[in-house]
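Engineer: coordinates only, sequence not included:
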């Protein structure tokens, strides 16, 4: 019975979340067209609404740990669900994401992502996609701030294994910026391709920065060890063990 009630609450939450996306997009349409700040404000309002309504409707709260980075920095995060995008964007003051190119053609999301300065990547083109990504960032077409990359390139369900791709290492080397690893357990509460949302406290943790200037191979090892190790610990805190 409790599961059925939570499933219905989850369904209603999901519906209102997408309705809210349309409403916010319409309200901020003119500011978005003429100003990147307008697009950023719209995204902040929407992210705040999702976090607040998740707590109210499905009993899902957010706990953010660690020091939230400011200024020019690379953020390498675990990616388990749409919810971690919401929480990370809500935390950072000037964030933009490395995103798959197909999302640019998604109604609302694509238009706002473009105005926010997100960097589209054609994942099917391998090394060419990495070169294009680096060129887009280094050319100055991307506004200053925190550049967020998901090193595994896709959402990864708790317990699943995916290779950490070299794109994050190349960006780290070329941008010469510190990198802040981010661990999380959001996928426990907000599963991929599921309506059901589990109540509880989801944690997103910003860890100690990896200083700029390290060899790429060393950086990749440090980053993966930090993100994977701490994410496993955060998942274990809420009862998930691999």
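Structural biologist: Done, it's in. All figures in this text were calculated on a predicted structure; none of them were measured in a lab. Numbering: from 1, shown residues only.

Engineer: so what's the residue nearest the centre of the chain up against?
Structural biologist: With distances taken as C-alpha atoms, centre = their mean, residue 85 lies nearest the centre of the chain, 3.0 Å away. Shown in contact with residue 85 (C-beta atoms under 8 Å, 6 or more residues apart in numbering): 79, 97. For the C-beta atoms, the positions are set from N, CA and C on the backbone; glycine is no exception.

Engineer: ok, residue 69 next?
Structural biologist: The neighbourhood of residue 69, defined by C-beta under 8 Å, 6+ apart, consists of 75, 92, 146, 180, 206, 209.

Engineer: now do 6 Å
Structural biologist: When contacts are counted by C-beta atoms under 6 Å, 6 or more residues apart in numbering, residue 69 touches 146, 180.

Engineer: gap between it and residue 131?
Structural biologist: The gap separating residue 69 from residue 131 is 26 Å, by C-beta to C-beta, to the nearest Å.

Engineer: do the same with residue 121
Structural biologist: Applying C-beta to C-beta, the value for residue 121 to residue 131 is 11 Å.

Engineer: so if I had to pick from those two, which one is more boxed in?
Structural biologist: Legend: neighbour count by other C-beta atoms under 10 Å for residue 121 and residue 131, higher for residue 121 (19 against 13).

Engineer: quick check on that one: phi, psi?
Structural biologist: phi -130, psi 130 (degrees, to the nearest 10).

Engineer: what's opposite it in the beta bridge?
Structural biologist: For residue 121, the beta-bridge partners under DSSP bridges are residue 100.

Engineer: go on, residue 184?
Structural biologist: In this entry, residue 184 is beta-bridged to residue 204, by DSSP bridges.
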